[in-house]
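Engineer: 3D, please:
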Amino acid sequence: MDTFRTRGFIPWNKIDNWLRAFRSIWLSTTRPDGWPHSVPVWYIWDGRNLYFISARHMQKSKNLARQPWIVVHAGDGDDVIILEGPVEIVTDRAELEDIDAAYRTKYVDPGSGAQATIFEPEVDLYRVNVKHIMAWEYATVANRTDWIFESQN
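Structural biologist: Next up is the predicted model:
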């Protein structure tokens, strides 16, 4: 993976840890008429790519079929991470199984112990091929930190 920090002071391991720990993240897509569409989703971060599922009939899936670029937001207004990049539907069985295993571990019903799965009817797994990450942290005196990802691993 080729990545480099273009400016700022937030260490990468802090961003990586936050992305692994958050339970939900906000996805922003664009409707055909140009209006924005934002929704929270469960997700998996593997250290380079972000994965989420969506039923094919959902607005975000329809938007991504037309315009495959996405903006993803994590955190609050003081400590925030914004990821940008194109998405694609994952079809590789080994990758699907790996992400499902991570999803089952991360999303467990506290009452019943039931594990969530990505393998639902009429649902696709999307991979965000992150190209740019921006982050702000309150303690860094409002200074933005940027990372650019030039190639896939």
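Engineer: show me what the lengthiest strand in the chain is in contact with.
Structural biologist: Secondary structure of the chain per DSSP state E: the longest strand is strand 80-89. Applying Cβ atoms under 8 Å, 6 or more residues apart in numbering, the contact partners of strand 80-89 are 15, 18-19, 50, 64, 68-75, 124-136, 149. Yep, even glycine has a C-beta here, placed from its N, CA and C like the rest.
Engineer: so which of those residues sit within strands?
Structural biologist: The strands, defined by DSSP E, take in 50, 69-75, 124-128, 132-136, 149 from the contacts of strand 80-89.
Engineer: now the buried members of the residues you listed.
Structural biologist: Buried subset of the ones in strands among the contacts of strand 80-89 (neighbour count, 16 or more other Cβ atoms under 10 Å): 50, 70-72, 74-75, 124-128, 133-136, 149.
Engineer: lowest confidence element among the helices and strands of this protein?
Structural biologist: When the helices and strands of the chain are compared on mean pLDDT, DSSP states H and E, strand 2-7 comes out lowest with a mean of 63.
Engineer: report the beta-bridge partners for the residue most central in space within the chain.
Structural biologist: Geometric centre of the chain, nearest residue: residue 50, 3.8 Å, by Cα atoms, centre = their mean. Note on residue 50: beta-bridge partners residue 45, residue 128, judged by DSSP bridges.
Engineer: quick check: it touching residue 130?
Structural biologist: Yes. Judged on Cβ atoms under 8 Å, residue 50 makes contact with residue 130 at a distance of 6.3 Å.
Engineer: what's the spacing between residue 148 and residue 133?
Structural biologist: Taking Cβ to Cβ, to the nearest Å as the measure, residue 148 falls 8 Å from residue 133.
Engineer: do the same with residue 102
Structural biologist: Distance, residue 102 to residue 133, using Cβ to Cβ: 20 Å.
Engineer: what of residue 44?
Structural biologist: Between residue 44 and residue 133 the computed distance is 16 Å (Cβ to Cβ).
Engineer: count the neighbours of the closest residue to residue 7 other than its chain neighbours for me.
Structural biologist: Of all residues not flanking residue 7 in the chain, residue 146 sits nearest, at 5.5 Å (Cβ to Cβ, 6 or more residues apart in numbering). Each residue near residue 146 was counted by other Cβ atoms under 10 Å, and the total is 15.
Engineer: surely residue 146 and residue 15 touch.
Structural biologist: No. Using Cβ under 8 Å, residue 146 is not in contact with residue 15; the gap is 10.8 Å.
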